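S.K.: Sequence plus predicted model, see below.
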Amino acid sequence: MNRQSRALLTICIVAAILIPYWLLQRDLTPPPSALLPAEAPIPTRGGSVAASTRTDPRSFNRLVHSQIATDMFTMLTQGKLVRIDRVTQQLEPWLAERWDVSPDSLTFTLTLRDGLLWSDGTPFTSADVLFSFDAVYDPRTQSFMASALKPGGQPLAVAAPDARTVVVTFPTVFAPGIRILDNLPMFPKHKLEGALAAGAFGKAWMSDTPPSDIVSLGPFVLVEYVPAQRMVFDRNPNYWRRDERGVPLPYLDRLTLELVPDQEAEVVRLQSGQTDFMQQGLRPSDLATLRPLELQGRLQIEELGVSLEADSFVFNLRPEKWANDPRGAWFNRKEFRQALSHAVDREAFSDAVFLGTAVPIHGPITPGNKDWFWPSVPRYEFSRDKARALLAGLGLTNRDADEWLEDEQGNEARFTALVFRGNAVLERSAAVIRDDLRQIGVAVDIVPLEPNSIFQRIMGGDFEAAFVQFMFTDTDPANSKDFWLSSGGSHLWNVAQKTPATDWEHQVDELMTRQAAALDPEERKRLFNEVQRLFAENLPVLYFAAPRVYIAASARLINLYPALTRPEIIWSADTLAIRQGATPP
């Protein structure tokens, strides 16, 4: 064997030894998205960025409030043990740097990163982890997240052998594993222990809490909140994350969220350079307005694909809502909602609302969710004749000279639909639905309200129907059980039922429990298809179109990792940076 051959053999032997060792030492999940993509400008620290958002937070406590403003606050200021990368949908280590799994897939032993600190300098330890689980599971907290963190209907068992070790034991096999922990932000025991002991955790960190009383594990700390005006965040000096060069994140010194309730005003502020980006995607009508600025090099616009989310037309199906209302005899019937679904031309809806930049859909899982979308979900083709026949079967016919149908008691086929004020897409969607239903003799009275008011009324059951934007917490349906399960805090049509109100919801509960426990991907898919079938037959929520997502941001921003889910940019705010030499807005 010559010298060159011996050298090559030596390299191969060393590689054979070291590569498996390296694989064993890696975290159990893929690494985070690269912070420095090839051929991209190298980000540097410093500078301020302004973005717009439409709603004030009702609370800074993510355990009890699900609104987008609270979610954004949590993304900017808090941390989770593990995180789902919203671009790749892969699980990645976060506050926990690694974990081991028991052979029966029930127990996960997580190791926290060394030296983690809250923004006030207090060490973050496993005691904070135990405290956060205690808070979400305490019935006095009334957390909407609790149901999503109970695989098999039972809470996780959590122990802390030492300050850096957390042992999480599942009551039953749960296919997504600790992916479920992406639902739970960590809370500071040293700040909120008294509130939990007093049974008042659900009222902790309300929107009137002084920013100085709120500590952070995330990239930023809240330094100013002026209701109806702005939230101002400064860099958290104790944030743990660094880029691949070892540079501490976040890059930005300051991030300001300007509160701009009206979409038109948001676009004007982006055009004028007063803000650098919006907290959600562009409307189709905005593209024509903003394209010239892209050509001038002032904006960057990117199409991300078909949205994972679709606007939801939710019906209040709580039995108590209709107990003393004669309209409940037909409003609560699935045939009524099936008739409404038949009455809407989804192709025309997509053209009218989204100018053709959307795809018609018939359920909550859109084609953007490639793993779980079911193309054979039951559909309701556009047919006013079928709609009228279904309504007639419910006793709704035109009994007088006006254009509306009535039941046998003379009650008009009429209901009220709430819609987000200032959200042009939702307002236009509601108007299209109203006009389509008018063609079959059903009247819809549109009532615009502030988003916070609408969600408050939905949670309290004080509505008839509502056109809202709702986010799933994960593409995996097992991690969105708070929506699917009858006991779920986000089961919008009848929230947090003690027992299923209907047989079909009982069936969904059983299917989702089996689906979450199945380890075979094909079996999970089959079971969830059955869930989608039941949902499509009973239609507690109507869906019409899933838009293509476009985002726009100032050209002075670099290192953006926009995702299909809202908030498209802020989810990765710690990587945002300002192009060197760029002028401030």
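M.R.: Sure, I can see it.
S.K.: so what's the closest residue to residue 94 other than its chain neighbours scoring on pLDDT?
M.R.: Leaving aside its sequence neighbours, residue 94 sits nearest to residue 83 (CB to CB, 6 or more residues apart in numbering; 4.3 Å). Bear in mind the C-beta positions are built from the backbone N, C-alpha and C, glycine included. pLDDT for residue 83: 97.
S.K.: sec struct for residue 83, please.
M.R.: Under DSSP: H, G, I helix; E, B strand; the rest coil, the three-state class of residue 83 is strand.
S.K.: so it makes contact with residue 90?
M.R.: No: with contact defined as CB atoms under 8 Å, residue 83 does not count as touching residue 90 (9.8 Å).
S.K.: In terms of neighbours, single out the busier of those two.
M.R.: Of the pair residue 83 and residue 90, residue 83 is the one with more neighbours under other CB atoms under 10 Å, namely 21 against 15.
S.K.: partner residues bridging the more buried one?
M.R.: Bridge pairing for residue 83 (DSSP bridges) gives the partners residue 92.
S.K.: how near is it to residue 73?
M.R.: According to CB to CB, to the nearest Å, residue 83 stands 16 Å off from residue 73.
S.K.: Kindly report the same for residue 277.
M.R.: Going from residue 277 to residue 73 by CB to CB gives 17 Å.
S.K.: If you count surrounding residues, which of those two has more?
M.R.: Using other CB under 10 Å, the more surrounded residue of residue 277 and residue 73 is residue 73, with 28 against 25.
S.K.: which residues of the stretch 401-550 of the chain score low on pLDDT?
M.R.: For the stretch 401-550 of the chain, not a single residue meets the criterion pLDDT under 70.
S.K.: so where do the helices sit in it?
M.R.: With DSSP state H, counting those that start in this stretch as the criterion, the stretch 401-550 of the chain has helices at 424-438, 451-460, 481-484, 503-517, 521-538.
S.K.: Next, the angle helix 424-438 makes with the second one.
M.R.: Here the directions of helix 451-460 and helix 424-438 differ by 50 degrees (axes from the mean of the first three to the mean of the last three CA atoms, to 10 degrees).
S.K.: mind listing what's buried in helix 451-460?
M.R.: 451, 452, 454, 455, 456, 458, 459 (16 or more other CB atoms under 10 Å).
S.K.: same thing with the last one?
M.R.: For helix 521-538, a neighbour-count test (16+ other CB under 10 Å) marks 524, 527, 528, 529, 530, 531, 532, 533, 535, 536, 538 as buried.
S.K.: Same check on the fourth one?
M.R.: Across helix 503-517, burial judged by 16+ other CB under 10 Å covers 504, 505, 508, 509, 511, 512, 513, 515, 516, 517.
S.K.: returning to that earlier point: TSV please, covering the buried residues of helix 451-460 and showing distance to residue 254.
M.R.: Converted to TSV, these look like this (distance: CB to CB, whole Å):
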residue	distance to residue 254
451	26
452	26
454	31
455	29
456	31
458	35
459	34
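S.K.: hmm, back to that, between the buried residues of helix 521-538, which sits nearest residue 323?
M.R.: residue 538 (19.9 Å; CB to CB).
S.K.: Quick check: the gap between the closest one and residue 356.
M.R.: Plainly put, residue 538 is 30 Å away from residue 356 if you go by CB to CB.
S.K.: what's the answer for residue 286, then?
M.R.: Residue 286 sits 14 Å away from residue 356, going by CB to CB.
S.K.: Looking at those two, which is more packed in?
M.R.: residue 286 (21 against 11).
S.K.: mind checking how far the closest residue to that one other than its chain neighbours is from residue 273?
M.R.: Nearest residue to residue 286, sequence neighbours excluded (CB to CB, 6+ apart): residue 267, at 5.4 Å. According to CB to CB, residue 267 stands 12 Å off from residue 273.
S.K.: Looking at those two, which is more packed in?
M.R.: Shown here are residue 267 and residue 273; by other CB under 10 Å, residue 267 has more neighbours (22 against 16).
S.K.: Reduced to three states, what does the closest residue to residue 410 other than its chain neighbours come out as?
M.R.: The shortest distance from residue 410 to any non-neighbouring residue, by CB to CB, 6+ apart, is to residue 399 (7.0 Å). State at residue 399, reduced to three classes by three-state DSSP: coil.
S.K.: who's in contact with residue 399?
M.R.: 405, 406, 410 (CB atoms under 8 Å, 6 or more residues apart in numbering).
S.K.: what does residue 403 give?
M.R.: Contacts of residue 403 (CB under 8 Å, 6+ apart): 438, 441.
S.K.: didn't residue 539 look like it was pressed against residue 335?
M.R.: No: Residue 539 lies out of contact with residue 335 (CB under 8 Å); the separation is 9.7 Å.
S.K.: now do the same end-to-end measure for stretch 560-579.
M.R.: Stretch 560-579 has an end-to-end distance of 11 Å (criterion: CA to CA, to the nearest Å).
S.K.: For the remainder of this discussion, apply numbering that starts at 26.
M.R.: From this message on, residue numbering opens at 26, which makes the last subject stretch 585-604.
S.K.: next one: that stretch to chain centre, how far?
M.R.: Counting by CA atoms, centre = their mean, to the nearest Å, stretch 585-604 is centred 15 Å from the centre of its parent chain.
S.K.: Over to stretch 491-501?
M.R.: 6 Å.
S.K.: Let me know whether residue 368 touches residue 464 as I believe.
M.R.: Yes: between residue 368 and residue 464 a contact is recorded at 6.8 Å, counting by CB under 8 Å.
S.K.: domain assignment for the chain?
M.R.: Per automatic domain parsing, the structural domains of the chain span 85-94+104-228, 337-571.
S.K.: out of these, nearest to residue 593?
M.R.: domain 85-94+104-228 (8.4 Å).
S.K.: Quick check: phi and psi on the residue positioned nearest the centre of the chain?
M.R.: Nearest to the mean C-alpha position of the chain, counting by CA atoms, centre = their mean, stands residue 496 at 3.4 Å. Main-chain torsions, residue 496, degrees, to the nearest 10: phi -110, psi 140.
S.K.: More neighbours: residue 564 and residue 360, which one.
M.R.: residue 564 (24 against 15).
S.K.: ok, back up a step: tell me which of the helices of the stretch 426-575 of the chain lies nearest to residue 388.
M.R.: Between residue 388 and these, the tightest spacing by CB to CB is seen for helix 546-563, at 5.5 Å.
S.K.: Show me what the closest one is packed up against.
M.R.: In terms of contacts (3 or more CB pairs under 8 Å, 6 or more residues apart in numbering; DSSP states H and E), helix 546-563 is packed against helix 359-367, helix 528-542.
S.K.: Not counting its own residues, what contacts stretch 269-282?
M.R.: Against stretch 269-282 from outside (CB under 8 Å, 6+ apart): 59-61, 68-78, 97, 101, 244-245, 255-261, 264, 266-268, 304, 584, 598-603.
S.K.: Kindly apply the preceding question to stretch 257-264 instead.
M.R.: Defining contact as CB under 8 Å, 6+ apart, one finds that stretch 257-264 is touched by 101-102, 142-144, 146, 241-250, 273-275, 277-282, 599.
S.K.: Restricted to buried residues, select these in PyMOL.
M.R.: Of the contacts of stretch 257-264, the buried ones go into a single PyMOL selection, burial set by 16+ other CB under 10 Å:
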select buried, resi 101+102+142+143+144+241+242+243+244+245+246+247+250+273+274+275+277+279+280+281+282+599
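S.K.: If I look at residue 91, what pLDDT would I see?
M.R.: At residue 91, the pLDDT recorded in the model is 82.
S.K.: if we can go back for a sec, which element is the residue nearest to residue 311 on?
M.R.: Assigning secondary structure by DSSP states H and E places residue 292 in helix 288-297.
S.K.: Lovely, talk soon.
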